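Colleague: from the sequence below, what's the structure:
(one chain, ligands or ions: 2)
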Amino acid sequence: MSTQELRSFIRDLPKAELHLHIEGTLEAEMIFALAERNKVQLPYANIESLKQAYQFTDLQSFLDLYYAGAAVLQTEQDFHDMTWAYLQRAAADGVVHAEIMFDPQTHTSRGVSIETVFDGLASALRQGQKELGISSSLILSFLRHLSEADAFATLEQALPLRRQYEDLWLSVGLDSSENGNPPEKFRKVFAHCKELGFRRVAHAGEEGPAAYVRDALDLLHAERIDHGVRSEEDPLLMQRLQEEQISLTVCPQSNLKLCVVSDMKQHNLKRMLEQGLCVTVNSDDPAYFGAYLLDNYMAVAEALDLSRSQLVQLAQNSMDARF
Ligand code: ADE
Ligand code: ZN
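Modeller: Numbers count the residues shown, from 1 in each chain. Ligands and ions are numbered 1, 2, ... in the order given. Modelled structure (predicted):
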């Protein structure tokens, strides 16, 4: 199959995107446009010099830029425009369903109201359902470098909006700096979210150890694991993930750009797939890692020499793992 044939084969598979941070879809061009619209001063002379800074050595070196970039988001229109731009790219890649993470604390800590965030995201997602045929939902994600009390306070701010967004806000998640911020730190807030009927996901086993994956399952009652690539270090955990068919939302290009793997040919996605785990392919923060969903599939298809049936399986897994 030529590269072009492979690309259209993958594009035509119905796919769900299950691990995407909407703030990670802010392209450098849009960061500059919003900075100008909102009169925000950026510490970069131009788009090119911002893009040149996208050379990451680990998760934290990325997060520092990602949070700085998100500071240009101020109005409902900004959140709408960012989300709409993502949905158009997703539609072109053959995404039919997206479960989208957002980090309210990144915005409320700058004085942006949580209503502004929800209103902008939701209007774009509803438009995406009508005009692009992409079904979607929202995963309100807690920042794990902040305290559990801060997560509770964020939940309290968001809960009055639940009725208004009950068609979209189905889930909670946990993201940001993993090492040193173990799942147990958020045990109580996740228990409360479970009682309230929210679906639950958590980043684990990206940079952190396999034990964080186990603890995300046991202590947070996470139903899907974001990343989870370090699970391989624990054979018992691997057996459990296989037996219970717990989905892992793997992000190959993110793993490469954040030095979780040194070479795409070394990525364990294919090994995990062949061991019968429910692995999926996702884009994480596509504007920063230079790859939306189709490019992530292409990268692993080529580097790992995936068969057509393995590509179909990955797409099917993503549809099966939807909430
Ligand atoms: N927030 C955005 N992208 C992330 C990632 N890859 N890991 C943890 N937190 C994140
Ligand atoms: Zn992520």
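Colleague: for the residue in the chain positioned nearest to ligand 1, give me its contacts.
Modeller: Residue nearest to ligand 1 within the chain: residue 175 (3.6 Å; Cβ to the nearest ligand atom). In this view, the C-beta of every residue, glycine as well, is placed from N, C-alpha and C. Contacts for residue 175 (Cβ atoms under 8 Å, 6 or more residues apart in numbering) come out as 21, 101, 103, 141, 142, 143, 144, 203, 226.
Colleague: any idea how far residue 173 is from residue 194?
Modeller: Distance from residue 194 to residue 173, counting by Cβ to Cβ, to the nearest Å: 13 Å.
Colleague: and the contacts of residue 175 as TSV, adding neighbour count?
Modeller: Shown next, in TSV, are the contacts of residue 175 (neighbours: other Cβ atoms under 10 Å):
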residue	neighbour count
21	27
101	24
103	24
141	28
142	26
143	21
144	24
203	30
226	28
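Colleague: and those residues, which of them are in strands?
Modeller: Among the contacts of residue 175, the residues falling in strands (DSSP state E) are 21, 101, 141, 142, 143, 203, 226.
Colleague: the fifth one against residue 105, yeah?
Modeller: Yes - counting by Cβ atoms under 8 Å, residue 105 is a contact partner of residue 143 at 4.8 Å.
Colleague: ok, back up a step: who has more neighbours, residue 194 and residue 173?
Modeller: Higher neighbour count among residue 194 and residue 173: residue 173, with 28 against 15, using other Cβ atoms under 10 Å.
Colleague: in contact with the more buried one, which residues are there?
Modeller: Taking Cβ under 8 Å, 6+ apart as the test, what residue 173 contacts is 101, 139, 140, 141, 142, 200, 201, 202, 203, 226.
Colleague: near ligand 1, from the ones in strands among the contacts of residue 175?
Modeller: 21, 203 (Cβ under 6 Å from any ligand atom).
Colleague: which of the ones in strands among the contacts of residue 175 sit farthest apart?
Modeller: Farthest pair in the ones in strands among the contacts of residue 175 (Cβ to Cβ) is 143 and 226. Separation: 13.8 Å.
Colleague: where do the helices sit along the stretch 51-200 of the chain?
Modeller: In the stretch 51-200 of the chain, the helices defined using DSSP state H, counting those that start in this stretch lie at 59-70, 76-92, 104-108, 114-131, 148-158, 187-195.
Colleague: of the ones you listed, which is nearest residue 213?
Modeller: Comparing the helices of the stretch 51-200 of the chain by Cβ to Cβ, helix 187-195 comes nearest, at 14.7 Å.
Colleague: which other helices and strands contact the closest one?
Modeller: When contacts are defined as 3 or more Cβ pairs under 8 Å, 6 or more residues apart in numbering; DSSP states H and E, helix 187-195 sits against helix 148-158, strand 169-175, strand 199-204.
Colleague: what's that helix in contact with?
Modeller: So helix 187-195 is contacted by 142, 148, 151-152, 155, 172, 174, 200, 202, 219-222 (Cβ under 8 Å, 6+ apart).
Colleague: adding pLDDT, write these out as JSON lines.
Modeller: Below are the contacts of helix 187-195 laid out as JSON lines (pLDDT from 0 to 100):
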{"residue": "142", "pLDDT": "99"}
{"residue": "148", "pLDDT": "98"}
{"residue": "151", "pLDDT": "99"}
{"residue": "152", "pLDDT": "98"}
{"residue": "155", "pLDDT": "98"}
{"residue": "172", "pLDDT": "99"}
{"residue": "174", "pLDDT": "99"}
{"residue": "200", "pLDDT": "99"}
{"residue": "202", "pLDDT": "99"}
{"residue": "219", "pLDDT": "98"}
{"residue": "220", "pLDDT": "98"}
{"residue": "221", "pLDDT": "98"}
{"residue": "222", "pLDDT": "99"}
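Colleague: show me what contacts the spatially closest residue to residue 142 that is not a sequence neighbour?
Modeller: Closest residue to residue 142 apart from its sequence neighbours, by Cβ to Cβ, 6 or more residues apart in numbering: residue 151 at 4.0 Å. Listed by Cβ under 8 Å, 6+ apart, the contact partners of residue 151 are 105, 142, 143, 186, 189.
Colleague: how about a cut-off of 7 Å?
Modeller: 142, 186, 189 (Cβ atoms under 7 Å, 6 or more residues apart in numbering).
Colleague: please apply the same query to residue 83.
Modeller: 22, 120, 121, 124, 125.
Colleague: for residue 225, list each beta-bridge partner.
Modeller: residue 202, residue 248 (DSSP bridges).
Colleague: give me the number of residues near it?
Modeller: 26.
Colleague: I'd like the helices of the stretch 51-200 of the chain laid out as TSV, including distance to residue 310.
Modeller: TSV is the format used below for the helices of the stretch 51-200 of the chain (distance: least, Cβ to Cβ, whole Å):
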stretch	distance to residue 310
helix 59-70	28
helix 76-92	22
helix 104-108	36
helix 114-131	29
helix 148-158	38
helix 187-195	33
